[in-house]
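Okay, predicted coordinates and the sequence, questions at the end:
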Amino acid sequence: MDKRITTLSIFCIAALLTSGCIDENSEEDETGFAGRYAGYLNDELVIFVEDNLGGKRVVPTAQAEFNREDYSVEGYRVSVTEETSFIYAETEEETSMASSNLRALFGYPLEVEIGEDFSAEVQENQADYFQTNPEILPLYEAEEIRLLPLEMEDFTHFVSTFYLSANGMTSEDEGYLVILTNGSNEITEEFQRNQEIYDDALDKYRSEDVHISTGNNESFTWRLGEESLSLQEIMEEFNLPEEYMENAVYLVFSTEEFLTVEEEWQGVINYFEENIS
């Protein structure tokens with residue numbers, strides 16, 4: 001049986017790697033825990049808290065090279081039943097897993113209430129990576145799952161989580177992603193006509209270890225089963241600032257963080273000239 005987690009099928013975007021270690025003294029609720037959505041398998045959500053590869057960020061399976069006698073992870077499998085409640089924590093509005101688009105939003109911050117005494121469990125000295133074999137994680141049945149408010153930080157995590165993986169990059173590589181938002185105006189049409197020219201303008205900053213990708217709303221599409229979400233729909237889910245949603249702007253990310261927003265392509269070029277050696 002293939003135990004690999006079923007996550008999203010995507011065309012382009014992939015993942016941030018940062019080093020970190022597990023804090024076994026972190027605070028948890030007495031009857032639950034908090035983490036990020038990291039996959040779905042056999043009616044079970046996989047909730048990631050922290051490991052000693054990427055800290056609180058998920059390292060893509062393809063990049064998960066580690067000492068198989070020294071891998072430690074805190075994470076949980078969560079069984080979802082008909083009685084499990086899904087609630088938006090900010091408004092207390094009840095929703096469902098399907099209506100919330102949870103399975104499309106990798107890294108969604110969650111709080112899980114299990115209705116029984118809970119103590120954090122760190123799985124140490126594991127031979128398997130948790131995404132390759134999620135059964136190394138303990139299983140709990142969820143009474144309630146609270147969906148925490150999504151912010152720019154979460155969108156950055158979502159974008160970067162897929163960026164390295166899709167481009168076959170490692171943690172030692174330096175990567176940048178330029179996204180043009182809002183796919184229905186003249187700026188977007190101009191970008192599509194001239195994308196090759198625009199892309200070539202960034203060539204002098206590329207090298208064997210420095211990767212730069214560009215694209216717009218139509219370039220990036222996330223698939224979930226037979227459904228798909230455009231970049232614009234994903235951005236709406238993450239409640240990004242209105243200026244990013246209503247206007248065509250360039251968002252520039254590194255594999256570590258959100259860097260800048262520029263209204264014109266020349267602003268992107270200027271940013272690279274001033275900040276990227």
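Arrived safely, thanks for sending.

C-alpha from now on. contacts and neighbour counts both.
Noted.

Do me a favour and get the end-to-end distance for stretch 70-85?
End-to-end distance of stretch 70-85: 36 Å, with CA to CA, to the nearest Å as the criterion.

same deal with stretch 232-252?
Stretch 232-252 has an end-to-end distance of 16 Å (criterion: CA to CA).

One more: stretch 87-105?
Taking CA to CA, stretch 87-105 runs 16 Å from one end to the other.

buried set for that stretch?
Across stretch 87-105, burial judged by 16 or more other CA atoms under 10 Å covers 87-88, 100, 102-105.

Please tabulate those residues in TSV, including the columns distance to E143 and secondary structure.
Conversion of these to TSV gives the following (distance: CA to CA, whole Å; DSSP: H, G, I helix; E, B strand; the rest coil):
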residue	distance to E143	secondary structure
I87	11	strand
Y88	14	strand
S100	17	coil
L102	17	helix
R103	18	helix
A104	22	helix
L105	21	coil
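
Please name whichever of these scores lowest on pLDDT.
Among the buried residues of stretch 87-105, A104 has the lowest pLDDT, at 79.

Would you enumerate the residues in contact with G32?
Counting by CA atoms under 8 Å, 6 or more residues apart in numbering, G32 touches 111-118.

what about the helices in the stretch 51-200 of the chain?
Secondary structure of the stretch 51-200 of the chain (DSSP state H, counting those that start in this stretch): helices located at 152-166, 186-200.

Looking at these, which is nearest to Q131?
Closest approach to Q131 among the helices of the stretch 51-200 of the chain is made by helix 152-166 (13.4 Å; CA to CA).

and the nearest residue to E141 once chain neighbours are set aside, how many residues sit next to it?
Distances taken as CA to CA, 6 or more residues apart in numbering place S79 nearest to E141, at 4.6 Å, with adjacent residues excluded. By the criterion of other CA atoms under 10 Å, S79 has 19 neighbours.

With the one 3 residues further on instead?
Using other CA under 10 Å, the number of residues around E82 comes to 6.

cool, and I276?
I276 has 10 nearby residues by other CA under 10 Å.

In contact with it, which residues?
Applying CA under 8 Å, 6+ apart, we find I276 in contact with Y205.

Can you tell me the SS state at H211?
Following DSSP: H, G, I helix; E, B strand; the rest coil, we place H211 in the strand state.

Hmm, it is touching V178, no?
No - with contacts counted by CA atoms under 8 Å, H211 stays clear of V178, the gap being 11.2 Å.

give the contact list for the residue lying closest to G115 once chain neighbours are set aside.
Of all residues not flanking G115 in the chain, T31 sits nearest, at 5.5 Å (CA to CA, 6+ apart). For T31, the contacting residues are 113-118, by CA under 8 Å, 6+ apart.
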